[in-house]
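Novice: can you look at this prediction? I've put the sequence above it.
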Amino acid sequence: MILLHIEHPVPNFEAWKAAFDSDPVGRQKSGVRRYQITRPTDNPNYAIIDLEFGTLAEAEALLAAMQQVWSRVGGTVMQNPQWRLAEVIETKAY
């Protein structure tokens, strides 16, 4: 499994969440199997998103689509996105 981890400051978390929920890139059709949104307990205007994919190609394609979106909304909905692609080696629940 491949994980696309994205994080960035947001001027207004609720406005960012509404934009995320509008799903401008079609996450499910792009191969996202599951996602998780978190934010630091000491900074409510920071978004952390983890998107899970079956293949690296799917993750890279969605990242490219997101970079297009970011070029249009950068500074208004979100700022300075950082990302990392990683292979999930092990997951264990207790």
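Specialist: Received the coordinates, thanks.

Novice: hey, let's count contacts and neighbours off CA atoms from now on
Specialist: OK.

Novice: so which residues of this protein form helices?
Specialist: 13-21, 56-73 (DSSP state H).

Novice: and the longest one with helix 13-21, angle?
Specialist: Between the direction of helix 56-73 and that of helix 13-21, the angle (axes from the mean of the first three to the mean of the last three C-alpha atoms, to 10 degrees) works out to 130 degrees.

Novice: what packs against helix 56-73?
Specialist: Other helices and strands packing on helix 56-73, by 3 or more C-alpha pairs under 8 Å, 6 or more residues apart in numbering; DSSP states H and E, are strand 2-9.

Novice: what are the buried residues along stretch 36-46?
Specialist: Within stretch 36-46, the residues scored as buried using 16 or more other C-alpha atoms under 10 Å are 39, 45-46.

Novice: of those residues, which is the nearest to residue 88?
Specialist: The shortest approach to residue 88 among the buried residues of stretch 36-46 belongs to residue 39, at 21.0 Å (C-alpha to C-alpha).

Novice: contact partners for the closest one?
Specialist: When contacts are counted by C-alpha atoms under 8 Å, 6 or more residues apart in numbering, residue 39 is found next to 45-48.

Novice: mind checking which of these land in strands?
Specialist: For those, the ones inside strands are 46-48, with DSSP state E as the criterion.

Novice: residues contacting the residue positioned nearest the centre of the chain?
Specialist: In the chain, the residue lying closest to the centroid (C-alpha atoms, centre = their mean) is residue 49, at 4.0 Å. By C-alpha under 8 Å, 6+ apart, the residues touching residue 49 are 5-7, 35-38.

Novice: good, wrapping up.
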